[in-house]
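Visitor: Give the three-dimensional model of this entry:
(4 chains, ligands or ions: 4)
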There are 2 protein chains.
Amino acid sequence: MEKADRMAHQDDSISLLKQKGLNPTPHRVMVLGILGNSPSPLSPQEIFATLQRFHPMNRVTLYRILEVLVAHGLVERIQSGDKAYRYGLNAQSPHAEHPHFYCSHCGGIQCVHAEGIHVQVEDIQKTFPGLIQKMEIRLDGICKNCLRNHKQKKTGNA
Amino acid sequence: MEKADRMAHQDDSISLLKQKGLNPTPHRVMVLGILGNSPSPLSPQEIFATLQRFHPMNRVTLYRILEVLVAHGLVERIQSGDKAYRYGLNAQSPHAEHPHFYCSHCGGIQCVHAEGIHVQVEDIQKTFPGLIQKMEIRLDGICKNCLRNHKQKKTGNA
DNA sequence: ACCTTTATGCAATTCAGTTGCATTATGGTG
DNA sequence: CACCATAATGCAACTGAATTGCATAAAGGT
Ligand SMILES: [Mn+2]
Ligand SMILES: [Mn+2]
Ligand SMILES: [Zn+2]
Ligand SMILES: [Zn+2]
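Guide: Numbers count the residues shown, from 1 in each chain, chains lettered A, B, ... in the order given. Ligands and ions are numbered 1, 2, ... in the order given. Here you go, the predicted model:
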């Protein structure tokens, strides 16, 4: 991401934060900007690495910012196939939920927008005695890139 | 679980292990027995606590046993809403997959067998460029018990 | 300016899980 | 049985992600 692009999105992040009554500190704006600019959810590590390039920040501060963003519904935290959470901009509209694909080879995450998934949480709620607040669907496997690399190795290509 | 009950299921565990060509060691039999006797997936901590009562075992050994059971398809490892995995007997029949409910208050896990969920992984696979090997659906919320306890507190009951 | 609240930094800690290596069982062979 | 190879277990140390406690700095209101 170029600096100009980041600047272009900066105002969006600021107004998002203000909407939620959150102080739009430079750190928060940066984190929100990085998430808003990514096509797929990111791990704290990935966010931290990006930050280091142009806006160094303490590790703990990042965790705390993510925490507050999630608490205020700006950011969604999902679980991947490994031990690190992934964070992405929250799709505002309810029911815009979608599955995420986790590549067990490279650890990458991808959003999956597909037909073939119809989950009526309301129907489940009718018979389930607890209170359902959220749903997560995760697909595990090998991503396109890793599949290709694997094939290359087999056929002896460098 | 009473000792007699455990004995009753011991043979099942042994034959399961043998079917997979695994040495039915006492430790493995115990772990498989505990999982087979639980209505819902358990965390390594929970399994370990149960083990301690009548069959002490090193922590690492438990992890390694779970690993080998998962690798051979006897046990399923799922992710919960927290940072510990949960392990349960694998439902042999394909497509017997079902969602799991995670209570964010007590950390308990429940299997959810419900209509209202129709996920055609095959359909997704048609358009998704990677290889999909597994799917996990998790519902997060507050379980029946925690809801009740919460209400009791509000109404001032001891 | 003064004080209170909020945000950030830093060090230490927790927690689940993993790794390396020593030790103990198990199993097969002659 | 003695011998050796392999598999299983135990123990200690380590890792990686996240959290906690407390100190410092910034922001905001009066
Ligand atoms: Mn997504
Ligand atoms: Mn289940
Ligand atoms: Zn991959
Ligand atoms: Zn609960």
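Visitor: and chain A, what are its domains?
Guide: A:1-92, A:96-158 (automatic domain parsing).
Visitor: hmm, the first one touching ligand 3?
Guide: Right, domain A:1-92. No. Shown here: domain A:1-92 not in contact with ligand 3 (CB under 5 Å from the ion), separated by at least 10.8 Å. In this view, the C-beta of every residue, glycine as well, is placed from N, C-alpha and C.
Visitor: Kindly export stretch A:85-93 (C-alpha atoms) in CSV.
Guide: Extracted C-alpha coordinates of stretch A:85-93, given in CSV (Å, rounded to 0.1, in the frame of the first residue of the first chain):
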residue,chain,number,x,y,z
TYR,A,85,-6.8,-15.0,15.7
ARG,A,86,-7.5,-13.0,12.5
TYR,A,87,-9.0,-9.6,12.3
GLY,A,88,-10.9,-7.9,9.5
LEU,A,89,-13.3,-5.0,9.0
ASN,A,90,-16.7,-6.0,10.2
ALA,A,91,-19.3,-6.2,7.4
GLN,A,92,-21.8,-3.8,8.8
SER,A,93,-24.9,-5.4,7.3
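Visitor: and it, anywhere near DNA strand D?
Guide: Yes. Against DNA strand D, stretch A:85-93 shows contacts by CB under 7 Å from any atom of the strand at residue A:85.
Visitor: Same check on stretch A:71-83?
Guide: Yes. Residues of stretch A:71-83 contacting DNA strand D under CB under 7 Å from any atom of the strand: residue A:83.
Visitor: for stretch A:13-25, same thing?
Guide: Yes. Using CB under 7 Å from any atom of the strand, stretch A:13-25 reaches DNA strand D at A:23, A:25.
Visitor: in chain A, which strand has the most residues?
Guide: Longest strand in chain A, counting residues (DSSP state E): strand A:131-142.
Visitor: That one - contacts with which helices or strands?
Guide: strand A:75-79, strand A:100-103, strand A:117-119, helix A:121-127, strand B:131-142 (3 or more CB pairs under 8 Å, 6 or more residues apart in numbering or on different chains; DSSP states H and E).
Visitor: on that earlier part again, let me know which of the domains of chain A is the nearest to residue B:115.
Guide: domain A:96-158 (6.3 Å; CB to CB).
Visitor: I'd like the average pLDDT over that closest one.
Guide: Mean per-residue pLDDT for domain A:96-158: 87.
Visitor: Not counting its own residues, what contacts stretch A:76-88?
Guide: Residues outside stretch A:76-88 that contact it (CB atoms under 8 Å, 6 or more residues apart in numbering or on different chains): A:35, A:38, A:40-45, A:47, A:66, A:69-70, A:75, A:89-91, A:100, A:102, A:104, A:107, A:109, A:111, A:136, A:138, A:140, B:79, B:81, B:83, B:138.
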